[in-house]
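# Fold the following for me, if possible:
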Amino acid sequence: MKKQIGVNTSDKSSIEEQIKQLVIARINAYSDDLNISAGDSGNLTTTPLIDVVAKRFLEPSNLVPISLIKGNSVTESYKKSQKLMSKNVLSMMSSEAGQNERDSAPYLYSNKLNQVLLGDPDAVLY
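All right, here's what the predicted structure looks like:
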């Protein structure tokens, strides 16, 4: 039987403290200070949802919690995210991609290399 994990969000303590106390496994991809992205015009933005290139970064990272919520294990969620990052890197390096996408591809590839699975790979949310 798979181990189950959960986080109590009604508690006033920070999520980070709860993770340290309760988590069985965690997929960490990015440091907390990475919150600036290059917009499709080449300008910097702190609003990645309006950034066309940011979509290539956000979809794989958002796939992890979505996959976990759907009942997949940590390993399955990690693999889905890795697969989408690989697909996006290849697309960003294609001749059909814009210059900003091609320039950003190494950073997404770095995210892929630095995404790690920690803890119980068979853990699932309950």
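# Now the helix ranked longest in the chain: buried residues?
Across the chain, the longest stretch assigned as helix under DSSP state H is helix 74-92. Buried residues in helix 74-92, counted by 16 or more other CB atoms under 10 Å: 74-78, 80-82, 84-85, 88-89, 92. From N, CA and C alone the C-beta is placed, and that goes for glycine too.
# hey, where'd the helices end up in the chain?
Under DSSP H, the chain gives helices at 15-22, 54-69, 74-92, 99-114.
# Turn those helices into TSV, including mean pLDDT and distance to residue 121.
Listed next are the helices of the chain as TSV, based on pLDDT from 0 to 100; distance: least, CB to CB, whole Å:
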stretch	mean pLDDT	distance to residue 121
helix 15-22	58	17
helix 54-69	91	12
helix 74-92	96	4
helix 99-114	93	18
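# Would you tell me which of those gets closest to residue 122?
Ranking the helices of the chain by proximity to residue 122 (CB to CB) places helix 74-92 first, at 6.8 Å.
# Only alpha carbons, please: show that closest one as PDB.
Extracted in PDB, the C-alpha atoms of helix 74-92 (Å, rounded to 0.1, in the frame of the first residue of the first chain):
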ATOM      1  CA  VAL A  74       5.500  11.400  -6.400                       C
ATOM      2  CA  THR A  75       7.500   9.400  -9.000                       C
ATOM      3  CA  GLU A  76       4.700   9.500 -11.600                       C
ATOM      4  CA  SER A  77       4.300  13.300 -11.100                       C
ATOM      5  CA  TYR A  78       8.100  13.800 -11.300                       C
ATOM      6  CA  LYS A  79       8.300  11.800 -14.500                       C
ATOM      7  CA  LYS A  80       5.400  13.700 -16.100                       C
ATOM      8  CA  SER A  81       7.000  17.000 -15.300                       C
ATOM      9  CA  GLN A  82      10.400  15.800 -16.700                       C
ATOM     10  CA  LYS A  83       8.800  14.600 -19.900                       C
ATOM     11  CA  LEU A  84       7.000  17.900 -20.500                       C
ATOM     12  CA  MET A  85      10.200  19.900 -19.800                       C
ATOM     13  CA  SER A  86      12.000  17.800 -22.400                       C
ATOM     14  CA  LYS A  87       9.200  18.300 -24.900                       C
ATOM     15  CA  ASN A  88       9.300  22.100 -24.200                       C
ATOM     16  CA  VAL A  89      13.100  22.300 -24.500                       C
ATOM     17  CA  LEU A  90      13.000  20.600 -27.900                       C
ATOM     18  CA  SER A  91      10.200  22.900 -29.100                       C
ATOM     19  CA  MET A  92      12.000  26.000 -27.800                       C
END
